[in-house]
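Chemist: need a structure here:
(2 chains)
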Number of protein chains: 2
Amino acid sequence: MDIEDLMESRREMYLEQLFTVLRQKSISAQNVGIREMAAMLKDLMMDIGIATRLIETNGHPVVYGEILSKPDAFPLLIYGHYDVQPAELEDGWDSPPFEPTVRDGRIYCRGAGDNKGQLMAQLMAVKTYLDVCGELPLNLKFMFEGEEESGSPHLAEFVEAHRDLLACDLVYTSDGPLHETGLPMVVLGVRGMLYVELTCQTAKWDNHSGNKGNIAPNPAMQLVQLIASMKDGEDGRVLIDGFYDNVNEPTAVELEHLKRLPYDPAQAARQAGLEVLGMDAQTYYRRLCYEPTLNICGFTSGYGGAGSKTIIPSKAVAKIDMRLVAGQDPDDIYEKFCRHVKAQAPWVEIQHLGDMKPSRTSADNPLIQQVITAVESAYRNSPVVAPALGGSLPDYVWTQVLGVPSALVPYANSDEANHSPNENIGIENFISGIRCLCHVMERLGR
Amino acid sequence: MDIEDLMESRREMYLEQLFTVLRQKSISAQNVGIREMAAMLKDLMMDIGIATRLIETNGHPVVYGEILSKPDAFPLLIYGHYDVQPAELEDGWDSPPFEPTVRDGRIYCRGAGDNKGQLMAQLMAVKTYLDVCGELPLNLKFMFEGEEESGSPHLAEFVEAHRDLLACDLVYTSDGPLHETGLPMVVLGVRGMLYVELTCQTAKWDNHSGNKGNIAPNPAMQLVQLIASMKDGEDGRVLIDGFYDNVNEPTAVELEHLKRLPYDPAQAARQAGLEVLGMDAQTYYRRLCYEPTLNICGFTSGYGGAGSKTIIPSKAVAKIDMRLVAGQDPDDIYEKFCRHVKAQAPWVEIQHLGDMKPSRTSADNPLIQQVITAVESAYRNSPVVAPALGGSLPDYVWTQVLGVPSALVPYANSDEANHSPNENIGIENFISGIRCLCHVMERLGR
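Modeler: This next block holds a predicted model:
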């Protein structure tokens, strides 16, 4: 019996195993059912033949498993998470959030898409492969964390502390949705982030704009001038000295991938709540994947109610996030940002509210080409190869801390509603995920 | 008996008359006691010998009175207001707000300083002068309005409609406080104002700053760039084309007065809640009296709470007021402002929230020199001659609608707490006010 036939014959059984895992609550933010979930997962993995143990962290435990076939076999690390977002029926669920319910070919349940359905597809792939072939063509490691939905606060230190254990040639993550066209995706990185708050306080209290106008300085005007000095009004280029110094330019192969990325400007505009989006595909994806941002998340000063109030505000606060691309380092950018502020308006206070390193795995990497080929053969369709997501995830722990390439190959449907009521995964998406990892193992194990 | 002796002998009687007026509530904003106050005032003025009548407006009535002595006598118009701000004991009053209470030589009551104490000083001056001399040396007109504390919404149209009735050579107003040094003041104008609101809406909803960063435009950044383009970051000069076109420069006499204005930079800083105020007297008063402002009263966009929220706001709103100086016209400035916005960011919406014309009476005017001399002889001290207040009042109805010079000669103590709990006027301030108008009438009537 081959892999396809076995998968088909075990459809009900695999779904039943997924349902059991879905029924077990594991809400990291509320510390509900976490240890029960980790224990259940360990038993399940041991049953499959994966040597599994729980490793404590300063937060929730990591479920670590491995099947080491041969010393010289290809070492692959699969990352996933077993914790989920909170969910209450009253939030707008059509069925109880922790009771998997099938409607129209989809499984509705908290965690169905994010991330239990995808995590279970990995495990069922291993089970299938083992039962058909007797052994895996590679050395496989699993690292499932229980804190992803709480911002992975211990992930970096865990990876740092377990370099040897986690040693591998590639990290493979299945989380998030397929491309909205329904095509499979291979995502090769994320933008990093630096979040700062600027505070300008010029007086102890708001002043009368007549009695003190031209006398008391205006903190909003000072922040306006400062922020304006950071960005070109015409082309939007960030003017902070050295901001672009280390930005990695796309390679020829990456530019080729960029050209092939599906793009519907009307749809993209709709998704952003815009009337129109005046840019072509190339511009769109370059801006999103290869260009950093400097963005005002909030600007608050003085009177914001209806009508007029004639004051010189005493204080102005601006929140700014910068999405950083591969090559940029948040610490370096923070230093440059501070230098700019000190030069322009040294009295403005800077608060560092958070950062995350960007990550990037080159599409030119031969391992990535293998993954792309495997995904293509599994889905019988060329995957969309995205150089980076616009947003930020702690992907740098693989590329920078562990120092290996990382491929994100999501399995869920694009309308999985993760973090929302009625989260779901299509049954076929789950099955395709099983198939996908079988192809990836097969290809990398050659 | 001369004026000083009569004033002294009638001290108790004049205070009793003031107390009667203070006890009568007249809160224009709440329409409480307004007509009763107007009627009481009319009776009181008739008793003094002033031909008085109530003239209806589209709001509260004007109390108009006149004593026309001789056809060729100097015609002076005295403006004041009989309405007061609201007041409740719970606001923090130490005695009932509508029961005049004397403590430490001051009368505490709503309206004591603003404006009943000063208005009554004018009437008691006329009574004193008449009783000593039998007739006035000039033709006197009184126009007391009942809507000043509600923004004088019908003042301009009233003046427009009653030009002949109000015809005079000078308007004399006593409102507000003496200089904080205790010196008398002659104020010769106010800054005008233009208040606008800018709204920039770029998307239907806030976007994720990662997923849409560099794709969805940032409205806060657009307003920042727009407002930055309106003002030089270095010298604070307004960069709107033609903004300074019609600004009246100070005359030589005015510059002389400016030099003599009392100035304590430490005190001025303290009053504005600033650590230091790095400017000399000349700069301070030029900026306040002769230079217009462009000031951000409020800037609101995106997230203003604690910590970080990673969004591209969908909307940004800025409230801007411009204090205008003599020569500038709000309509003209509004047109120039709109032209600037249209050229820089035509998608930004402009809302006109209000305006007021500036006003200025030249210190070179011989009549003003007479007033200054009279005030000096009344107070036995040179008055502070201020070319303009930093704030805005509808003084232009005299200088521009009626077309005559206007002198503001305040009588109240500098800590009168007008618009606040425990509003008060010093008894000596009230008495000095009576003396002051006697000197002014005497001097102008020659």
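Chemist: tell me who's in contact with residue A:238.
Modeler: Residue A:238 makes contacts with A:230-232, A:244, A:292, A:294, A:322, as judged by Cβ atoms under 8 Å, 6 or more residues apart in numbering or on different chains. All C-beta atoms are positioned from the backbone trio N, CA, C, and that covers glycine.
Chemist: please, a PyMOL command that selects the buried ones among the residues you listed?
Modeler: If you want just the buried ones from the contacts of residue A:238 in PyMOL, going by 16 or more other Cβ atoms under 10 Å in any protein chain shown, the selection is:
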select buried, chain A and resi 230+231+292+294+322
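Chemist: most widely separated two among the contacts of residue A:238?
Modeler: A:232 and A:322 (15.2 Å; Cβ to Cβ).
Chemist: I figured residue A:76 hits residue A:444, correct?
Modeler: Yes. Residue A:76 lies in contact with residue A:444 (Cβ atoms under 8 Å); the separation is 6.0 Å.
Chemist: so what sits against both of those two?
Modeler: A:138, A:170.
Chemist: give me the more crowded residue out of the two.
Modeler: In this view residue A:76 and residue A:444 are compared by other Cβ atoms under 10 Å in any protein chain shown, and residue A:76 has more residues nearby, 25 against 21.
Chemist: that's a strand at the more buried one, yeah?
Modeler: Yes. Membership of residue A:76 in a strand is supported by DSSP: H, G, I helix; E, B strand; the rest coil.
Chemist: per-residue confidence at it?
Modeler: On the pLDDT scale, residue A:76 is placed at 98.
Chemist: tell me the contacts of it?
Modeler: Contacts were defined as Cβ under 8 Å, 6+ apart; by that measure residue A:76 touches A:138-141, A:168-172, A:440-441, A:444.
Chemist: spatially nearest residue to the most centrally placed residue in chain A (excluding sequence neighbours)?
Modeler: Closest residue to the average C-alpha location of chain A: residue A:393 at 3.8 Å, with Cα atoms, centre = their mean. Nearest non-adjacent residue to residue A:393, counting by Cβ to Cβ, 6 or more residues apart in numbering or on different chains: residue A:190, 4.6 Å away.
Chemist: which residues touch the one you found?
Modeler: Counting by Cβ under 8 Å, 6+ apart, residue A:190 has contacts A:358-359, A:388-389, A:391-393, A:395.
Chemist: relative to residue A:428, which of these is nearest.
Modeler: Ranked by distance to residue A:428 (Cβ to Cβ), the contacts of residue A:190 are led by residue A:389 at 24.1 Å.
Chemist: now the residue nearest to that closest one when sequence neighbours are not counted: how far from residue A:398?
Modeler: Excluding the flanking residues, the one nearest residue A:389 by Cβ to Cβ, 6+ apart is residue A:190, at 4.8 Å. Residue A:190 sits 11 Å away from residue A:398, going by Cβ to Cβ, to the nearest Å.
Chemist: any shared contact partners between the two?
Modeler: residue A:359.
Chemist: what is the mean pLDDT for the helix ranked longest in chain A?
Modeler: Taking DSSP state H as the assignment, the helix of chain A that covers the most residues is helix A:427-445. Helix A:427-445 carries an average pLDDT of 98.
Chemist: is residue A:193 in contact with residue B:310, as I believe?
Modeler: Yes. Applying Cβ under 8 Å, one finds residue A:193 in contact with residue B:310, separated by 7.5 Å.
Chemist: where do the contact lists of these two overlap?
Modeler: Applying Cβ under 8 Å, 6+ apart, one finds that residue A:193 and residue B:310 are jointly contacted by A:321, B:210.
Chemist: are any of the contacts of residue A:76 buried, and which?
Modeler: A:138-141, A:168, A:170-172, A:440-441, A:444.
Chemist: want to try TSV for those residues, with secondary structure as columns?
Modeler: What follows is the buried ones among the contacts of residue A:76, written out as TSV (three-state DSSP):
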residue	secondary structure
A:138	coil
A:139	strand
A:140	strand
A:141	strand
A:168	coil
A:170	strand
A:171	strand
A:172	strand
A:440	helix
A:441	helix
A:444	helix
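Chemist: would you list those residues in JSON lines and tack on distance to chain B?
Modeler: Listed next are those as JSON lines, based on distance: Cβ to the nearest Cβ, whole Å:
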{"residue": "A:138", "distance to chain B": "33"}
{"residue": "A:139", "distance to chain B": "34"}
{"residue": "A:140", "distance to chain B": "31"}
{"residue": "A:141", "distance to chain B": "29"}
{"residue": "A:168", "distance to chain B": "27"}
{"residue": "A:170", "distance to chain B": "25"}
{"residue": "A:171", "distance to chain B": "21"}
{"residue": "A:172", "distance to chain B": "22"}
{"residue": "A:440", "distance to chain B": "27"}
{"residue": "A:441", "distance to chain B": "31"}
{"residue": "A:444", "distance to chain B": "30"}
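Chemist: same list, the residues you listed, but as CSV with distance to residue A:64 please.
Modeler: Converted to CSV, the buried ones among the contacts of residue A:76 look like this (distance: Cβ to Cβ, whole Å):
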residue, distance to residue A:64
A:138, 17
A:139, 14
A:140, 12
A:141, 7
A:168, 12
A:170, 17
A:171, 14
A:172, 15
A:440, 20
A:441, 19
A:444, 20
